[in-house]
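Undergrad: structural data only, the sequence is not supplied:
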């Protein structure tokens, strides 16, 4: 299925609606935590991104770039937060409304690179558990390599491999799990696999496979 590219007008990003009710991911993620995470934390990224975009427009109009470093950092921080949270919500699905196992394409590419699904799951889980501070763990398609990769991001505006296309995203900031799991991040990570949305991961890998990004073009 082809999805048309939609141009978002400057400063007009919107908080996406969740594809399920706030309590739909219980008992893995409580309704209260999910509502706070979505309606407050994600919303703040959208607002910060819109503000940064407007400020950069104003800077160009005035030709005053004295605060360029600040606003470029803000657009990276809030923009990454908005993108990753949006994909995170669709990386999950209610237990009774999801594929139990990966689809054919993603299973093939997982097996080709990681050797087995179990090996992939173990590496992803350990990467997530060991993220320092606040961050993310991602399964990405790297068009430059033509394969999947697991990445960890400790600050989501930094430490990201250029060109990577997120396929599956797990939020490891404390606001994503602390209300339910306190400091037991490992329990959150282990439980999270019960709500992984493999149908959406299959859609994302199929879309990503159409992207070409050769490092050398002749």
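TA: Yep, that arrived. As the structure is a computational prediction, the values presented were derived from the model and not from experiment.
Undergrad: going forward, measure contacts and count neighbours with C-alpha atoms only.
TA: Noted.
Undergrad: following the chain past the longest helix along the chain, name the next helix or strand.
TA: For the chain, the helix that runs over the most residues, judged by DSSP state H, is helix 68-90. Of the helices and strands lying after helix 68-90 in sequence (DSSP states H and E), the nearest is helix 104-114.
Undergrad: list the buried residues of that following helix.
TA: 106, 109, 110, 114 (16 or more other Cα atoms under 10 Å).
Undergrad: helices and strands around the longest helix of the chain, which ones?
TA: helix 43-62, strand 165-171 (3 or more Cα pairs under 8 Å, 6 or more residues apart in numbering; DSSP states H and E).
Undergrad: that one: how far from the chain's middle?
TA: Counting by Cα atoms, centre = their mean, to the nearest Å, helix 68-90 is centred 10 Å from the centre of its parent chain.
Undergrad: what's the average pLDDT for it?
TA: For helix 68-90, mean pLDDT rounds to 93.
Undergrad: which ones are touching residue 50?
TA: Residue 50 makes contact with 10, 11, 12, 13, according to Cα atoms under 8 Å, 6 or more residues apart in numbering.
Undergrad: closest to residue 75 out of those residues?
TA: residue 11 (10.8 Å; Cα to Cα).
Undergrad: end-to-end on stretch 95-110?
TA: Distance between the two ends of stretch 95-110: 22 Å, counting by Cα to Cα, to the nearest Å.
Undergrad: part of a strand, is residue 139?
TA: Yes: under DSSP: H, G, I helix; E, B strand; the rest coil, residue 139 falls within a strand.
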